[in-house]
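Trainee: attaching a predicted model along with its sequence, questions to come.
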Amino acid sequence: MAEYSDFSATINHANSLLSIAFSLISKLPPNNLNLPPDAVAGLQDLHQWSETILKWVVAVSNNSTDKYDTVLQFEPATYFNGPLRTVHTQITRNKDISEMEEHALEMLDLVSKSPTPQKFDALLATMELYGYVGARTICHKSGFVSMFNGYELISEQEMLDHFHARRLHPRSPSKLADHFHTLISETKHQSNMITAENELLPSASNDNIIRWINSVIRNVESIRLANQWRELTDDHRGRLFDKVTSTLIIPGHDTSLWQQNNDSSSGSRARAHYLELIKRRIVLQDLYSRLGPTVLLDPSVLDIAADTLFCPSKFYHIIYPAISKELSIKDIIKNEYWRRRRFTLQVLKAISSSTVVNFVTEFLDETKPDGVGSIGDSNT
């Protein structure tokens, strides 16, 4: 047992030294321009040491067992919240703090707390606008807040009353034509004009809700594609992109230049942007697996209204990795799954067709996470 006594002493000593090292490292400003050569060399050494220590500790952990001969599989670090908060506090004191860092701090502060369900009106506003107001990063941040917090569960009648109060009754093109055809076939009088105006004036909101319903369907299929993509080899991924771009037509773009054997700048750019889109789908899948069914109701991750393929947002490259680490230690999906599922289907039943509801229900059944039990075990 002496060797393990020495082992424990070494571990404790190393932890103490790392704690001291971190207290020094956390004083480094996060943004540095025009560093002198000696500072660059020192930072490179620090980076190398950090990488080496991390890999060595992971290797030791993965090749060690406890007293029951169980291989150690440690959860992602959770107690770094304290030191990270210290770093974040110091960042906020930096006059040159970037907008992206401010958003990251806000999001980290949000996910450190328990979800606070939003009012149904918040979702209605998103549906009417088909998204959020503000710059793209602000919209992504607002979307994440909605996905994290979810919504208060209300009765089906209350939900229908909300739609009715706002004169929201989206119709497919054929049903819209039928509606107006019925009006003009009836005796023309002032009440018909009023009925027609009640359809025409809120038409933008109703059209946006049709787009919103389509985004729910696209979110479902994008998560499916993300799951399939993860199962492909690199070679198969490259061939898939070639096959997709050989049949794809995007106005204003020559997709024939995007083939994998084409080294043109437009081809390289398009392939890089396509991979960014895939990453965004994987983020959507990750959010769905951590936050549950109401993620399907938010159009912000894929940002379908914008030119997603050519202008991917930086929000999910810079901010989401930190958010994801925080989310990994929470158990939102287990506690909230059935309530969020019921809300999601209830909204779709109130505003879309049975075909859409069945499509989403099948997907939810296919992807129900382990550990959430059955609906009979829930309190909803």
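Mentor: Looks like it arrived, so ask away. As the structure is a computational prediction, the values presented were derived from the model and not from experiment.
Trainee: low-confidence bits of the stretch 151-300 of the chain, can you list those?
Mentor: Within the stretch 151-300 of the chain, the stretches with pLDDT under 70 are 171-176, 179-181, 183-190, 198-202, 250-270.
Trainee: how's the protein carved up into domains?
Mentor: For the chain, automatic domain parsing gives the domain ranges 1-31+78-113, 34-74, 120-167+206-377, 171-201.
Trainee: how about the ones you listed in a markdown table, adding mean neighbour count?
Mentor: C-beta: built from backbone N, CA, C; applies to glycine. Below are the domains of the chain laid out as a markdown table (neighbours: other CB atoms under 10 Å):
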| stretch | mean neighbour count |
| --- | --- |
| domain 1-31+78-113 | 12 |
| domain 34-74 | 10 |
| domain 120-167+206-377 | 17 |
| domain 171-201 | 11 |
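Trainee: ok now do Ile53, which residues does it touch?
Mentor: Remark: with contacts taken as CB atoms under 8 Å, 6 or more residues apart in numbering, Ile53 is in contact with Leu18.
Trainee: what separates stretch 365-378 from the chain centre, distance-wise?
Mentor: Relative to its parent chain, stretch 365-378 has a centroid offset of 21 Å by CA atoms, centre = their mean, to the nearest Å.
Trainee: kindly export it (C-alpha atoms) in CSV.
Mentor: The C-alpha trace of stretch 365-378 is given here as CSV (Å, rounded to 0.1, in the frame of the first residue of the first chain):
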residue,chain,number,x,y,z
ASP,A,365,-41.0,8.3,-30.1
GLU,A,366,-37.9,7.3,-32.1
THR,A,367,-35.6,9.5,-30.1
LYS,A,368,-37.0,9.3,-26.6
PRO,A,369,-34.0,9.4,-24.3
ASP,A,370,-33.2,6.7,-21.9
GLY,A,371,-33.9,7.4,-18.2
VAL,A,372,-37.1,9.6,-18.7
GLY,A,373,-39.5,6.8,-17.8
SER,A,374,-43.0,6.6,-19.3
ILE,A,375,-45.6,9.4,-19.3
GLY,A,376,-47.4,7.6,-16.5
ASP,A,377,-44.3,8.3,-14.3
SER,A,378,-44.4,12.0,-14.9
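Trainee: and that stretch, average pLDDT?
Mentor: In this model, stretch 365-378 has a mean pLDDT of 75.
Trainee: now do it: everything it contacts.
Mentor: With CB under 8 Å, 6+ apart, stretch 365-378 has contacts from Ile223, Tyr288, Ser289, Ile333, Lys334, Tyr337, Trp338, Arg339.
Trainee: again, only this time at 10 Å
Mentor: 220, 223-224, 227, 285, 288-290, 292-293, 331, 333-339, 341-342 (CB atoms under 10 Å, 6 or more residues apart in numbering).
Trainee: so which of those residues sit within helices?
Mentor: 220, 223-224, 227, 285, 288-290, 333-339, 341-342 (DSSP state H).
Trainee: please, where are all the helices along the stretch 201-350 of the chain?
Mentor: Here the stretch 201-350 of the chain has its helices, by DSSP state H, counting those that start in this stretch, at 203-230, 234-247, 265-291, 315-318, 320-327, 332-351.
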